Every structure is written in C-alpha cells, then in structure tokens.
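In: turn this into a model:
(3 chains)
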Amino acid sequence: MNNPEVGDRMHALVERLHPICRSMTGDGVRRTLEIIGELIPLDVHEVPTGTQVLDWQVPREWNVRDAYIKDSAGRRIVDFADSPLHVVGYSVPISATMTLAELRSHLHTVPGQPDRVPYRTAYYSDTWGLCLSENALARLHDGEEYEVVIDSTLADGHLTYAEHVVPGELDDEVLIVCHTCHPALANETLAGIAVAVELARELAASGPRHTYRFLFAPGTIGSITWLARNRDRVERVRHGLVLACAGDPGGLTYKRSRRGDAAVDRAAAHVVSGSGGMIKDFSPFGYDERQFCSPGFNLPVGLLTRSPNEEYPEYHTSADNPELVTAEALTDTLVALLQIVQVLEADRTYVNLEPYGEPRLGPRGLYKSPSLHSDGKQYQMAILWVLNLSDGEHSLLDIAERSGIPFTTVSTAAQALAQAGLLEGKEP
Amino acid sequence: MNNPEVGDRMHALVERLHPICRSMTGDGVRRTLEIIGELIPLDVHEVPTGTQVLDWQVPREWNVRDAYIKDSAGRRIVDFADSPLHVVGYSVPISATMTLAELRSHLHTVPGQPDRVPYRTAYYSDTWGLCLSENALARLHDGEEYEVVIDSTLADGHLTYAEHVVPGELDDEVLIVCHTCHPALANETLAGIAVAVELARELAASGPRHTYRFLFAPGTIGSITWLARNRDRVERVRHGLVLACAGDPGGLTYKRSRRGDAAVDRAAAHVVSGSGGMIKDFSPFGYDERQFCSPGFNLPVGLLTRSPNEEYPEYHTSADNPELVTAEALTDTLVALLQIVQVLEADRTYVNLEPYGEPRLGPRGLYKSPSLHSDGKQYQMAILWVLNLSDGEHSLLDIAERSGIPFTTVSTAAQALAQAGLLEGKEP
Amino acid sequence: MNNPEVGDRMHALVERLHPICRSMTGDGVRRTLEIIGELIPLDVHEVPTGTQVLDWQVPREWNVRDAYIKDSAGRRIVDFADSPLHVVGYSVPISATMTLAELRSHLHTVPGQPDRVPYRTAYYSDTWGLCLSENALARLHDGEEYEVVIDSTLADGHLTYAEHVVPGELDDEVLIVCHTCHPALANETLAGIAVAVELARELAASGPRHTYRFLFAPGTIGSITWLARNRDRVERVRHGLVLACAGDPGGLTYKRSRRGDAAVDRAAAHVVSGSGGMIKDFSPFGYDERQFCSPGFNLPVGLLTRSPNEEYPEYHTSADNPELVTAEALTDTLVALLQIVQVLEADRTYVNLEPYGEPRLGPRGLYKSPSLHSDGKQYQMAILWVLNLSDGEHSLLDIAERSGIPFTTVSTAAQALAQAGLLEGKEP
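Out: Below is the predicted model:
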C-alpha cells in the first residue's frame, strides 16, 4: 500500500463524485452508483415508494432540475448549478416572487462562517428552503423583490441502493457500509466510498476467507431498507464497519459497536490505537451503526472515521470539499482497514508443542530476525510472546493486545514458529 | 424545590435547635425530638439504662443544670449558659476551688484556632472537663484560684430516640438516619435533621412506592439500640442513607455502603457525581453506617454529606454554628436526596417494542423536545439511548449511567416512549 | 532488620564473590557455590555435558586459565587477570598474532561509555572475543601487530548448580532463585545471592510454615536443567521469586508471574507498592521466570529486582561493581522479601464473632494502640477494618489491600482481636 497511485485514484474518485446532487432517493444516487459500478461490479436495487421497511416506508423520490434566486435585475444570486448544497434536501417545488422579508425564513447560512454554504435537509416535512453563504445573504436588500424557483419533483418512484460482494471461503460475511445520500460532501460521504472501492479490489485480489459485502445506500432509510429486505439473513453478518469521514487529515477514530467487545471492536481498537488514533464507546447517534446496532438486530458493526462527524469545522458545509480530503489520509484509512481485515482473517489460536521451558530458537533459525522485518527486536519479542501464551487459550489477537506488539508482527512470528514445528493450530 | 421558603425553613430549624445541650442521653435529646415532633409526627422510644443492646449496654442518663469557672472576683469566665460546648460530654459532677495548675488537665482548647471552643466527650470514662477558647484560657492566671462547678447528674434513666414513618405501597423500607447527640454543632448534626424533616414532608405529599423510615437517634449507641430492638426486621431495609454535615457550602460527598454496589450506592453515585460531587469507597469509620454495615447486618446503607466529617476547619468546634450553614446548601442537599429517592422509586426495566432499526419518532411526536425540557438535545439523546438499550436487560439507571444523562431526563424520555406505545415495562 | 551488621555482611559477600570468573559452567561457578556453602549448607549437583534437559542439552564446560592482548613491546594491554569481563563468555581458545584490523571484529566496547568494559557472551556459537573499554581500544594502533591469547578449554564436563532447603511444617514449597552465571556483575548477580543467603538464615531461625527451597544456578540452562530433573515435583512449588539486580540504590520493582494474580503476585505487589516501588506485568523476557512461567509449567514465580535489568546505566558493564551496591539497598531488599514471606506465611481468613454492630473495644483493651506501634491511628483503623471485613470471605491480605494499611499492621490487629475473643480463624 505504499503505491501512491492508489491514493491519487481514490482522490480522483472523490473529485468526480463531488458535484452530483445526492439525497435519500433520486437520479443523483443512481448516477453515483453508476460511477462506482465502473470500478467494481454492483447489484443495484430499486425499492418502490411506499414499501414498508421495518417501522418506516420508502419515501417519494426527489429530483431537482433547477433552482435559483434571481434579483430584480434578473441575475442569479443563488444557483443550484453552482452546488447542489444550495437546495435544502427534499424541498417541495416553488416558483414565486417575494420580498426578502418573506424569503428569509426559507434561507439557511452558517453563522460565523461567512463564506460557507450549509448542508440542510427537510426530510418528511413538506417544506422548501435554500442555502447560501452569509456573504451572499448580506448582498440581498430589504426593499427588493426576488424570484425564487425550485424546480423539483417529489413523486412516487424508488429508493436506490447497491451491493458488491467479494466471495470468500466462508459464507459468513463482513459488512462494509457507505452512505450515498449527501450532496457535495467530500470527506463525510465520498472519501468512504473511495476507500471502500479500493478495499474491495484488494480483497478480490487476495481471495479472502470471509465473504465481504459492500453496501452503498442512503443513510438511515437505506440501511433500514436493506435490513428489512435481509432480515432472515442478518445472522450471517459476523463483523461490520460503517465508513464515513474517511479522508480528512485528522487521526483515525473507531467507535465501538453496541456489543463493545465484538471481534471487530477488538480488531479495530488494536489497529486504530496502534496508529495513535482514538477509541470511543458506542452511542446511538452517528451513522448507520445506529440501525445495525438497534437492540433487535444488535449486530457487531462499528464506525470507522478519521475526524468524527460534527467534530471538524468543515462538517456539513461547502468546505467539506475535495480540498479537505488528501490522498495520504485516504491511503492511511485504507491501510488501517486492511490491517483490521487482516486480524479478522488471520486471528487464530495456536498450541505450543514445546511448552516446558523455552525451546532453543537458534538451531531452528528463529533467533535472528528475518530480513523482511526492519524491527528485529520487536519480532524477536513476538516470538517469545507467542511461545509463552500459545496454550490453546490465547488467540494471536489476545497476544497482540497483551504484548502491545502489532498483530502483523505477532502473526508473522506465529507462522515462523509453526513452520519450525513449534506451534500447531488449534482446531476451533 | 425552587421554593426559597423551604431553605429558609430548614435554616430556621437549625437555628432553633442549636442552643440545646445534647448528648447520648438526657433532656436535651428529648427537647430536640419535641421540636422535630412539632413538624412531623414522631414515635419516641425510651430505653432504660442497663438494657443490653448487641455487645453494649444502654448507659446512664446525663443531664447538666449549670457549669462554670469563676475567678476570684466571682466573675464567670466560662459559662455553660453561653454554650453547651463548654462542658465535656458525660462529665461527672464537680464543685471545687483549685489553682490553674490543678485545673489545666481538665481544660480543652482548639490549638491554632484561638477564638473557637472545641467539642469533647468523655463517654464511658468517669471524668470531667471544660472546653474554652485559647483566648479565654490566656486570660487565666497561674497564681489565681478558681471555683469550678459542673452541676451534672449521671443516673439511671433512659436513652431516647424517635422514628417517623412515611408509609408506601411496599413494605420494604428506605431508612434515613440522623444523629441527635451533638450539642450546638449546626452543620454536622442539625442540618441533616432539618433536611430529613423536609424530605419526610415531600415524601408524604407524593405517596411513595417504598416505605420510608426516619430514625433520629444518638450516634453509635442509638443505632446499636435500634438495631438490637429491630433485629428481626432489618431485612426490610432495602436502601438506607445516613445524613450528616448536610448544610455547609462545600459540594456533596457520597460514601458507599460496605456492599459498594447496592442500589442506593448506584443511585447516590449517579446523582452526586452528576452534581460535581465526590464519591468515596466505604470505610469503617464515620457515622452510623459503621453499625448498619457491620458484617452481621451488612445493610445497604451509605453516608451522604457535603464536606466530609473531619475535613472542614469548623468541624467539632463552636464555629460549626448556624452561620456555617446556608439555606442554599440545605436546599441543594434536599434536592439531591429527592433525586436519589426518585431513582430508588422510579428505576425499572423496559422493553423496546420496535427493536428492529430505529422507529420513526416524528410521526409519534417524539422528535421535538417537550417544552418542559430546556435541554432539548439531551432529552432527544435520552430518547435514542432508551430505545437502544431497552432490551429487557438494562434498567433506566443502567441507561443513565452508560449515557451520562441524568436519570430524570432518561426517566421522562422512557415515559414519553411508553405513552407512544414504543416501550413496555418489563415484569420484575 | 535494623541491624546494620546484616547489610555490611551482605555487601562483604558481594565483594568477595565479585572477582570470580563465572559462566554457564566451570570452576568459577563451583568456587562461588563453595563460598555460599560456607554460609548455608548446599546440595551441589553436577550434571554431565550432553544430558538432555527439556528441549536443550547440557553444554560443554568452559574454563579459562589466562587471556590477554599483548602489544609489540610485550605489554599486556588487556588482561583477564584484571577482570573476567575481558573474555567473551564461552570463547574458544586462540593464540595468534594479528593486526588491529584483523583483531577488531573480535573486540567489544560500550559505545558512549569510554571507561567501561562490556559483558558479552558467545554461548552456542564457537567463536571468541575480548572486551575492553573504548579508552583502551583508542590506545591500539592500526599498523601494530598484537599477540592475542585466550587459554580456555571447552570440553565435556558438568553443569553445576546447588540447592539449599529450609524445611517447614508443610511440604509445599516457596522457591527462591538466583542466577550464578555472570562474571563480576555485582548488582545484577551477586546482590541477589547475598540477600538470599540472609533470607535463608532468617527463615531457619524463625521456623516457617512453608518449606523454602533456594536454587543457585546458571541462568536459562540452569533453571531448565532443574526443571527437567524435578519435573515430577514442580507442583509442590506454591510460590516463587527470582531475585536479581537486588542491591542498587533504585527503588524496588516486582514483575508479576504469568498468572498475574497468584498469591505471590498479590503479596509482592502489596509490599512493593507500599514501599513506593513499581509493579510490572509479566513479559517473557528477563530472568528465569521465563522458564518457570513457560506455558507447560506456568508456575507462580515472579521477579523481584530493584532497578530492572537493562534500565540502569551500569547494566552489563564493568560499572556494575561493588560500588554500585550499597548495604542499605541490600537491607531494603531483604526487608521487603521478609515482608513478602510474612504475607505468604501469615495470610489467613478470620470470622468476626461479634458481627452485629461494632463490639466495644475499650473494655477489651483494644481502644488504645499498644505501645509497640508508633502509628497508633493506623493500628486503630486496622482493628476496625479487620472487624468489618472478617466475614469469612476476606483474608488479611484482602483487608490490607482494600484498606491500604500494611499487612503487618493488619496482621497484628487480627492477633489482638483473636486474643480478645472477637475473632476466630476460619478453617481452610
């Protein structure tokens, strides 16, 4: 993963997806999935408006052709063509001329950040609104009349989501979830999609043990729809991660699943802590881990981000754009994900076959570090830790956690010991 | 409890009780209980001297008519009429003339606090003494002879204690204990009594689920006497709190019961921590929690104070007077007690009836905070936490502890969810 | 243990043993054991070269008669007679004349510590080398030829180790292990031996409950040999401690056994924490606890040091000499060991015979501190803690841990309470 091309490729995808107007439903979501589908094959699902999904119903489909505010001189002051953020999500259509006084309650800005446009939605509320910067708002005049147009449709249609599966030796699944519903938010939404695409490619190349299912769906209603349609098979989900805010320069953050001690929680905490990142306990707010971790499902699904949502200043504004996202940060997220995947794939329990005293390492060629390991001392310590704790009760992850040595090094040491005849895998 | 009258009323009771000479036994205790009895009905118990109570015997009764030191000019240098603190508790009678040299071993001051009179007792030791300030002692002369009188009686009589019961739906009891044995110590002794009286009134008005038993008794021997006489019914005590040092401006402190994780420990820790107060582990020193938490009884009885005993500079001196106690602090203690009581009364476990995914809140009127809650965001989070954790395994207190949201808010959220048909109480 | 003679005696033993050339095998080890045997009776074991011991074989015996580097003027630049550290352990014999260039790969110094000679070994590798200070190396010249002689023998012989047993009432054993293989390292090797000798004497004088077995053996191969020859009786080892680095001025350090919560771990942690020392979790590097804690044996054997190995600047250099070791530090280690032993000997569980309320202490003479205890208040608190927790579920060590009072004080309080008829020992 030291290949700089991968980081650049991820960043290019973020840039390409950025201008599209996405929401819970509609053509922007379809277009987003089309582009992803050029990179990895997708099964796209269309679920009709009105379908009962758990406690919810699939909403009407929303599409926007145009939207603007024109001043009395006919100039577009606010223009949907500049950014989909200018229209409040799920705005009903409007075409009217009104004074600033009448208009004001429909306008949204970011107080204190005068050049940024906020991200707002009006799901399930039959209203309309426009978003603009404080600077743009300051240029409107009290006496003037403005033409306001939102040329949107809210009509029966479909909710669109997609799946990509990397088959493994086992039927049990690792679920990777990205939301697809936010327009023009590069870090929050698109960075996770870009990382997921590359993860899928890496997994396909490596031939994994578990089956990996990638879900690209609108937040909340998308995951609820998937859960409703897959209710009988959710017990296949052995591990899961929601990805979001995956490309900003902040460090990694892992939020545990509701279970708190699921295998994915331990694997992610090991990797993220080891990289200097932060571990948070579960809370029922955030992204779609809320749905997967609802008490009826209680699936082992955590949340991997860099800066947590709501905790970076660009969050939910037009400043969450491709400039905030870096190829380095995207690559760092991908590397962490691959390491988490490695733990989920490779963790197992061994038994030391020479458990009385330490076995001689020198004659077995285990005393010197193999050249592929730059940190020879840590590898040598891993050899001793694996021998000491491989009593059939401690898995490699247990050993990594207790020793503070990265799982990768512990796993490599275990393989060398097994080749030397000192370890034997324990049957599960 | 924003009624400032209640704080003033508590402070007035502290002032009224302050001048009375109290000890383990005697008319000062009776007079104290008479005054409390004007506010809430009391069952007063008189237990004869010599009665065996557990490992102890009820002591002789002690009463003081007068006590003083007169100088050679006949002036009272130290006078019991000024403060009952001037006489060492349980002093035997004395009437003699002696030099300062002879007198000195019977005089007690507070080193380093020249204007304060200490509180001292000589229980079970057949001696006598007088307490005075360092300043007063400095005015005595080495050559002069002094008349010393303690007109006390130590005679067979009774130990006096009282109970007040607020009956509830259940027979199991919450025990609230105040000591009544200290003369003229406003914060240590009287503030707890004043708060207990108001708590009893609030409970009577609310019609509680548990039965609440208030015990007003001398420290150590009083609780031992009560335990001896109620040995067969102590298992009714489901929760208990000893109250002391309840009115000074310091923050709240809760000392856990010997069990450490009793329901009252968790309830009090939640409330006191939430108010910025301090939680201490059990130790076998302090107030009568020592007796209730002796290993044979091991009752779930903790200690609620503001500044802990021995840890405020006025402790056991004449400076522990009504000026140290404030109406605000008394009210704050009462509010905390009512919140603890609320947890004991209202904690229960619910089951989420829509546990698959999050249910829609908007159509059920649960998305906006009810107007009675100023902190709407916390209420909204409580709604999500209650839904997420109400799997039949987590009580409301569990949810409050895990979420860090006050029990009151969690409980209100649960009621709203139950009314909306989303929660159902779990049968115990 | 306030007897300063004991400290001086230990230091004198360190000085006497310091010049001897020790290694895994050979006459230096035998001479060391002879000197120890003058102080306490030893069973000396000789195990032939080639004997299979667990996964290892007893190595050839190594002895050195002489070793030096002579310059072209015939002067000894490096001389084994000055210090056994000058010869790399297990060097094969050499007698040659060579240039500095040829010699250099066989010379070892301590980079950055110009006046110190390092300690090096070449076990199991059929090579040779000499150790010298950077200053001495700087005096060698590139053009000059040097005569290099190591007059050593590597031949079939024996591995030598010794045992000393202090018999107790019980057959179960406390194992105390000192390594005997390092030449001229006063703190790392000899301080532990000196402390162990005095501990053995103290134990013999006191008549212990457990049997104490002292093992003086070369590191790694010695313990492996002992384990191999005692494999059927290792289950007698109820507690064990490896002693090393026992005489430097740093504070005490206890490293837990692999079990982590063995009785010796709790006893040593209590004593070492109470002295302000440091507690470390187990790791499979260090001294012979590695072998005793290998997963097949998993014995409850921890490591007691002062400054941990590798963490003091004199470690494995000629500066680890008798000047680094002080009589005070040796005494402090001995006192801690005796306190740990006291916990292992005296910990037991009592039952409070007056468990309902607190019993009266005054009439039983328990209210005032006995004169032998300077810290009367702590003793009085220990009385209350022992009464409160002696419900048959808490041992004296449990009480010491929970109260933070030293085990010694807790134990003395328990004895006083038992004599007063308030406590009764619980049958195990």
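
In: next one: the closest residue to chain C within the stretch 51-200 of chain A from chain B, what distance?
Out: Chain C sits closest to A:Leu170 of the stretch 51-200 of chain A, with a gap of 29.5 Å, by C-beta to the nearest C-beta. C-betas here are computed from N, CA, C, even on glycine. Note on A:Leu170: its distance to chain B, by C-beta to the nearest C-beta, to the nearest Å, is 26 Å.

In: likewise A:Ser83?
Out: As judged by C-beta to the nearest C-beta, A:Ser83 and chain B stand 28 Å apart.

In: who's in contact with that residue?
Out: A:Ser83 makes contacts with A:Pro19, A:Val117, A:Pro183, A:Ala184, A:Ser318, as judged by C-beta atoms under 8 Å, 6 or more residues apart in numbering or on different chains.

In: from these, which two are the most distant?
Out: Greatest spacing in the contacts of A:Ser83, by C-beta to C-beta: A:Pro19 and A:Val117 (13.7 Å).

In: who's more crowded, these two?
Out: Taking other C-beta atoms under 10 Å in any protein chain shown, A:Pro19 and A:Val117 do not tie; A:Val117 has more neighbours (24 against 13).

In: touching, that one and A:Val88? I think so.
Out: No. Counting by C-beta atoms under 8 Å, A:Val117 sits too far from A:Val88 to count as a contact (11.2 Å).

In: and the strands in the stretch 251-400 of chain A, which stretches?
Out: With strands called from DSSP state E, counting those that start in this stretch, the stretch 251-400 of chain A shows them at A:253-255, A:278-280, A:301-305, A:349-352, A:391-395.

In: mind putting these into TSV with mean pLDDT?
Out: Formatted as TSV, these follow (pLDDT from 0 to 100):
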stretch	mean pLDDT
strand A:253-255	98
strand A:278-280	98
strand A:301-305	98
strand A:349-352	98
strand A:391-395	97
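
In: OK, contacts around the residue in chain A positioned nearest to chain B?
Out: Relative to chain B, the nearest point of chain A is A:Gly296 (3.2 Å; C-beta to the nearest C-beta). Taking C-beta under 8 Å, 6+ apart, we find A:Gly296 in contact with B:Asn352, B:Pro355, B:Tyr356, B:Gly357.

In: and for A:Tyr287?
Out: A:Val177, A:His179, A:Gly219, A:Val242, A:Ala244, A:Leu303, A:Asn309.

In: and it, its phi and psi?
Out: A:Tyr287 has phi and psi values of phi -110, psi -150 when expressed as degrees, to the nearest 10.

In: quick one, longest helix in chain A?
Out: What stands out as the longest helix in chain A, according to DSSP state H, is helix A:327-346.

In: surely A:Gly219 touches A:Cys181?
Out: Yes. Between A:Gly219 and A:Cys181 there is a contact under C-beta under 8 Å: 5.0 Å.

In: looking at those two now, which is surrounded by more residues?
Out: Remark: of A:Gly219 and A:Cys181, A:Cys181 carries more neighbours, 24 against 21, as counted by other C-beta under 10 Å.

In: what is the burial count for the residue lying closest to the more buried one once chain neighbours are set aside?
Out: Using C-beta to C-beta, 6 or more residues apart in numbering or on different chains and skipping the chain neighbours, the partner closest in space to A:Cys181 is A:Pro218 (3.6 Å). When neighbours are counted by other C-beta under 10 Å, A:Pro218 registers 24.

In: residues in contact with A:Pro218?
Out: Contacts of A:Pro218 (C-beta under 8 Å, 6+ apart): A:Arg22, A:Ser23, A:Met24, A:Thr25, A:Val29, A:Leu159, A:Tyr161, A:His179, A:Thr180, A:Cys181.

In: look through chain A and state the residue closest to chain C.
Out: A:Pro355 (3.3 Å).

In: give me the number of residues near that residue?
Out: The number of residues packed around A:Pro355, counting by other C-beta under 10 Å, is 21.

In: residue contacts, it?
Out: A:Pro355 sits next to A:Asp391, C:Ser294, C:Pro295, C:Gly296, C:Phe297 when contact means C-beta under 8 Å, 6+ apart.

In: which one of those is nearest A:Leu132?
Out: Distance to A:Leu132 across the contacts of A:Pro355 (C-beta to C-beta) is lowest for A:Asp391, with 65.2 Å.

In: ok, the closest one touching C:Pro295?
Out: Yes. Between A:Asp391 and C:Pro295 there is a contact under C-beta under 8 Å: 4.0 Å.

In: which residues do the two both contact?
Out: The overlap between the contact sets of A:Asp391 and C:Pro295 (C-beta under 8 Å, 6+ apart) consists of A:Asn352, A:Pro355.

In: can you pull out the strands in the stretch 51-200 of chain A?
Out: For the stretch 51-200 of chain A, applying DSSP E, counting those that start in this stretch gives strands covering A:52-53, A:56-57, A:61-70, A:76-79, A:94-99, A:107-108, A:130-131, A:145-155, A:158-166, A:173-179.

In: please name every helix or strand in contact with the third one.
Out: For strand A:61-70, the contact count by 3 or more C-beta pairs under 8 Å, 6 or more residues apart in numbering or on different chains; DSSP states H and E identifies strand A:76-79, strand A:145-155 as packing neighbours.

In: show the backbone phi and psi for the residue nearest to the spatial centre of chain A.
Out: Central residue of chain A (C-alpha atoms, centre = their mean): A:Leu243, 1.4 Å from the mean position. Reported as degrees, to the nearest 10, the phi and psi values for A:Leu243 are phi -110, psi 130.

In: who's in contact with the closest residue to it other than its chain neighbours?
Out: Spatial nearest neighbour of A:Leu243, chain neighbours left out: A:Gly192 (3.6 Å); criterion: C-beta to C-beta, 6+ apart. By C-beta under 8 Å, 6+ apart, the residues touching A:Gly192 are A:Cys178, A:His179, A:Leu243, A:Ala244, A:Cys245, A:Ala246, A:Gly247.

In: for the first one, give the beta-bridge partners.
Out: For A:Cys178, the beta-bridge assignment (DSSP bridges) gives partners A:Phe216, A:Leu243.

In: contacting residues for it?
Out: Taking C-beta under 8 Å, 6+ apart, we find A:Cys178 in contact with A:Thr189, A:Gly192, A:Ile193, A:Ala196, A:Phe214, A:Leu215, A:Phe216, A:Ala217, A:Val242, A:Leu243, A:Ala244.

In: surely the first one meets A:His179?
Out: When you say that, I think you mean A:Thr189. Yes. When contacts are counted by C-beta under 8 Å, A:Thr189 is listed as touching A:His179 (6.1 Å).

In: can you list residues touching both of the two?
Out: Joint contacts of A:Thr189 and A:His179 (C-beta under 8 Å, 6+ apart) are A:Ala244.

In: follow-up on the earlier one: adding pLDDT, write the contacts of A:Cys178 out as CSV.
Out: Output for those, formatted as CSV (pLDDT from 0 to 100):
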residue, pLDDT
A:Thr189, 98
A:Gly192, 98
A:Ile193, 98
A:Ala196, 98
A:Phe214, 98
A:Leu215, 98
A:Phe216, 98
A:Ala217, 98
A:Val242, 98
A:Leu243, 98
A:Ala244, 98
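
In: which among the residues you listed count as buried?
Out: Among these, those classed as buried by 16 or more other C-beta atoms under 10 Å in any protein chain shown are A:Thr189, A:Gly192, A:Ile193, A:Ala196, A:Phe214, A:Leu215, A:Phe216, A:Ala217, A:Val242, A:Leu243, A:Ala244.

In: select, from the residues you listed, the two members most distant in space.
Out: So, these by C-beta to C-beta: farthest apart are A:Thr189 and A:Phe214, at 14.9 Å.

In: show me which residues of the stretch 201-350 of chain A are close to chain B?
Out: A:220, A:223-224, A:227-228, A:231, A:258, A:283-285, A:290-291, A:293-298 (C-beta under 8 Å from any C-beta of the partner chain).

In: most neighbours per residue, which of the strands of the stretch 251-400 of chain A?
Out: Ranked by mean neighbour count, those are led by strand A:301-305 with a mean of 29 (mean count of other C-beta atoms under 10 Å in any protein chain shown).

In: what's in contact with that strand?
Out: By C-beta under 8 Å, 6+ apart, strand A:301-305 touches A:175, A:177, A:237, A:239-246, A:252-257, A:262, A:264-265, A:268, A:272, A:282, A:286-289, A:292-293, A:333, A:336-337, A:340.
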